[in-house]
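# What follows is a predicted protein model with its sequence.
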Protein chains: 2
Amino acid sequence: MAINNWLGVQTEVLKRIHDRTWKPGEIIPRETDLAYEFGCARVTVNRALRALADKGVLDRKRKVGTTVALYPTSKATLKIPLIRKEIQDLGTTYNYKLIRQSTNQTPNEKRLLTHFSINDNLIYIEAIHTSDGKPFVIENRFINQKIVPNFKNQQFEENSPNEWLLANIPYTHGEINFAATNCSVDISTLLDINPGDAVFQVERTTFDKEEVITNVLLTYHKDYRLKASL
Amino acid sequence: MAINNWLGVQTEVLKRIHDRTWKPGEIIPRETDLAYEFGCARVTVNRALRALADKGVLDRKRKVGTTVALYPTSKATLKIPLIRKEIQDLGTTYNYKLIRQSTNQTPNEKRLLTHFSINDNLIYIEAIHTSDGKPFVIENRFINQKIVPNFKNQQFEENSPNEWLLANIPYTHGEINFAATNCSVDISTLLDINPGDAVFQVERTTFDKEEVITNVLLTYHKDYRLKASL
DNA sequence: CTTACTATTATGTACATACATAATAGCATA
DNA sequence: TATGCTATTATGTATGTACATAATAGTAAG
């Protein structure tokens, strides 16, 4: 069986996993053996297997060898688009409206103290993003004032702070979590739903090395679903 | 500047992106130029850049070249662990209990018709997974009966159907979505919460090529949060 | 100006060779 | 038996060379 490209190798490997020639938890043949069987270079096999390991299909360990993952770790890659793009991809008209903005805020919610220090000065922004004029998501955002030294010159009246931050403040890593909550009175008014309705919330925090850049709490419209593929 | 391994190249590339030597949306030097600058092989540069492209940091196009992503597509990779593992990782005791099981069911909810045909025969399973004796997640699951021809011999009384499926029925792809909902009376009883409380739901469907294997609706305990890193 | 064709470009990849390294197996010693 | 050291193993990677290919730029013809 001649296979002379890495995608072909990967296809054949997936086929053998799928038809249980190679069972979950079991060792598969060595790279050198597979290369011999397929009539290609070992590096080519390595390339294919590495890609499958990155996807969680295979587990690889030096000297031990390569095993089919016992329980394939299902990975859903969530691409977190710009809200603007998410709304426009729906074929609807996007609009952003600033509700409230202030500086020299302190972290006044318990969840913020996970990341900010009590002495941090924060910019607070509350805004609404709409889809065809209807509320899509409410944004409550804190930005580390130290990170935006010239904030007085910045304008978040016309444009979303997230887009500005992404373009201007590099981040190294972040955290994100998803939850369901009963909508508060304040936000239910903005979303034009009933207090107590279940809403989908996303909280995201980004860091530049050790420094917190921003924390945002997004509260989506009723019946919002976040989709991904496996 | 001598860099002779791909991880070193990647680190230097990330540094230049971070300090805005290379700005978002802009073209970076060609692979051959970078290889010349770093004193390494072009393939080594390619290896580093490809990994960054896979992460959404760079965009690459033949002939055009490589650009820093204008808005880095934030990708959160959700690893979807076995429920058992998720609970055990909390340091608590996992337990599974079957509530209801039946065969020859038809797709009786609108959401199921997205995937199943009206004529499909389904196995229905309702179960509860607990953490230290407290309800953690309720599982409502439909399995394509055609996929499990010897179902009568199968036992989901002691063990979770998901673990059995993962070990025995290979899947090619799937879909997953996350939502918030107000808890129904039935499920709120099982979860020991109030009807109307907001709960986090995950719906997942897996396929073997064109054939639906299973659809599961997981309803998590109150205040559940799904976390990931960026 | 538009269309079609060809040349060029930068990424994408295969190969053989060589070296690196994490990790286990085997062996010797106390 | 336990410990420590060395050899071996399978994956991990770097290189130079060669070829492949998607995509754009340039040119010629109508």
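Thanks, I have the structure now. Numbering: from 1, shown residues only, chains lettered A, B, ... in the order given.
# Every contact and neighbour count from this point should use C-alpha atoms.
OK.
# Now stretch A:120-135: buried residues?
When burial is assessed from 16 or more other CA atoms under 10 Å in any protein chain shown, stretch A:120-135 yields the following buried residues: A:120-131, A:135.
# ugh, typo on my part, it should be stretch A:131-151
A:131, A:135-145, A:147-148.
# repeat for stretch A:166-173
Within stretch A:166-173, the residues scored as buried using 16+ other CA under 10 Å are A:Leu166, A:Ala167, A:Ile169, A:Pro170, A:Tyr171.
# Pull the most distant pair out of these.
Greatest spacing in the buried residues of stretch A:166-173, by CA to CA: A:Ala167 and A:Tyr171 (10.3 Å).
# Roughly how far does the closest residue to DNA strand C within chain A sit from A:Ala41?
DNA strand C sits closest to A:Asn5 of chain A, with a gap of 2.7 Å, by CA to the nearest atom of the strand. A:Asn5 sits 9 Å away from A:Ala41, going by CA to CA, to the nearest Å.
# that older thread, and of the buried residues of stretch A:120-135, the nearest to chain B?
A:Pro135 (16.8 Å; CA to the nearest CA).
# Leaving out chain neighbours, which residue sits closest to that closest one?
In this structure, A:Pro135 finds its nearest non-sequential neighbour in A:Leu191, 5.4 Å apart by CA to CA, 6 or more residues apart in numbering or on different chains.
# The nearest residue to A:Ser160 once chain neighbours are set aside: what secondary structure?
Once flanking residues are discounted, A:Ser160 sits nearest to A:Tyr96: 6.8 Å by CA to CA, 6+ apart. Three-state call for A:Tyr96 (DSSP: H, G, I helix; E, B strand; the rest coil): strand.
# Point out the residues in chain A that sit beside DNA strand C.
With CA under 7 Å from any atom of the strand as the criterion, chain A meets DNA strand C at residues A:4-7, A:39-44, A:47, A:61-64.
# hey, which helix or strand in chain A has the poorest pLDDT?
strand A:74-80 (a mean of 73; mean pLDDT, DSSP states H and E).
# Quickly run through the sheet partners of that one, with directions.
strand B:74-80 (antiparallel) (DSSP bridges).
# Return the set of buried residues in the partner strand.
Judged by neighbour count (16+ other CA under 10 Å), strand B:74-80 contains these buried residues: B:Ser74, B:Lys75, B:Ala76, B:Thr77, B:Leu78.
# count of residues packed around the residue of chain A closest to DNA strand C?
Residues within reach of A:Asn5, counting by other CA atoms under 10 Å in any protein chain shown, total 15.
# Look up the closest residue to it, ignoring the ones flanking it.
A:Thr44 (6.7 Å).
# Tabulate the CA atom coordinates of the host helix or strand of that neighbour in CSV.
A:Thr44 belongs to helix A:42-54 when assigned by DSSP states H and E. This file holds the C-alpha atoms of helix A:42-54, laid out as CSV (Å, rounded to 0.1, in the frame of the first residue of the first chain):
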residue,chain,number,x,y,z
ARG,A,42,9.2,8.4,8.6
VAL,A,43,8.9,12.2,8.8
THR,A,44,5.8,12.0,6.7
VAL,A,45,4.2,9.5,9.1
ASN,A,46,5.3,11.7,12.0
ARG,A,47,3.6,14.7,10.5
ALA,A,48,0.3,12.8,10.2
LEU,A,49,0.4,11.3,13.6
ARG,A,50,1.3,14.6,15.2
ALA,A,51,-1.7,16.3,13.7
LEU,A,52,-3.9,13.5,15.1
ALA,A,53,-2.3,13.8,18.5
ASP,A,54,-3.0,17.6,18.5
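# Would you mind measuring from the closest residue to A:Thr93 other than its chain neighbours to A:Lys23?
Among residues not flanking A:Thr93 along the chain, A:Asp132 sits closest, at 4.7 Å (CA to CA, 6+ apart). A:Asp132 sits 51 Å away from A:Lys23, taking CA to CA as the criterion.
# A:Phe207 too?
As judged by CA to CA, A:Phe207 and A:Lys23 stand 41 Å apart.
# what do you get for A:Arg204?
In this structure, A:Arg204 and A:Lys23 are separated by 39 Å, where distance is defined by CA to CA.
# Tell me, what's the model's pLDDT at A:Lys152?
A:Lys152 is assigned 64 on the pLDDT scale.
# about what we covered before: what is the neighbour count of the residue nearest to A:Asn5?
Applying the criterion other CA under 10 Å, we find 20 residues in the vicinity of A:Thr44.
# Can you give me the pLDDT of it?
Confidence at A:Thr44, expressed as pLDDT, is 96.
# Repeat that for A:Asp59.
For A:Asp59, the predicted pLDDT is 93.
# before we move on, the earlier item: which of the buried residues of stretch A:166-173 fall within helices?
Taking DSSP state H as the definition of helices, those contribute A:Leu166, A:Ala167.
# re earlier: looking at it, the residue nearest to A:Thr93 is touching A:Thr92, isn't it?
Yes. In terms of CA atoms under 8 Å, A:Asp132 counts as a neighbour of A:Thr92; the distance is 5.5 Å.
# okay, and for chain A, where does confidence drop off?
Scanning chain A for pLDDT under 70 picks out the ranges A:72-74, A:152-154.
# cutoff 50 now
Scanning chain A with the threshold set as pLDDT under 50 gives no residue ranges.
# show me the contacts for the closest residue to A:Asp192 other than its chain neighbours.
Ranked by CA to CA, 6+ apart and with sequence neighbours excluded, the top spatial neighbour of A:Asp192 is A:Pro135, at 7.5 Å. By CA atoms under 8 Å, 6 or more residues apart in numbering or on different chains, the contact set of A:Pro135 is A:Ile128, A:His129, A:Leu190, A:Leu191, A:Asp192, A:His221.
# Farthest pair within the residues you listed?
With distances taken as CA to CA, the most widely separated pair in these is A:His129 and A:Asp192, at 13.1 Å.
# Break chain A into its domains for me.
In the domain annotation for chain A, the residue ranges read A:6-68, A:83-220 (automatic domain parsing).
# Throw the ones you listed into CSV and include distance to B:Ala228, thanks.
CSV is the format used below for the domains of chain A (distance: least, CA to CA, whole Å):
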stretch, distance to B:Ala228
domain A:6-68, 16
domain A:83-220, 5
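# beta partners for A:Gln201?
Counting by DSSP bridges, the residues bridging with A:Gln201 are A:Ala179, A:Thr219.
# Quick one: name the residues of chain A near DNA strand D.
Residues of chain A lying close to DNA strand D (CA under 7 Å from any atom of the strand) are A:29-32, A:43, A:46, A:50, A:60-66.
# Pick the one among those residues closest to chain B.
Proximity of the residues of chain A next to DNA strand D to chain B (CA to the nearest CA) peaks at A:Arg50, which lies at 11.8 Å.
# ok now do A:Asn182, which residues does it touch?
Residues touching A:Asn182, when contacts are defined by CA under 8 Å, 6+ apart, comprise A:Pro195, A:Gly196, A:Asp197, A:Ala198, A:Val199, B:Asn182, B:Asp197, B:Ala198.
# Narrow those residues to those in strands?
Where these overlap with strands, as defined by DSSP state E, the overlap consists of A:Ala198, A:Val199, B:Asn182, B:Ala198.
# which pair in those residues spans the largest distance?
The most distant members of those, if one measures by CA to CA, are A:Val199 and B:Asn182, lying 8.6 Å apart.
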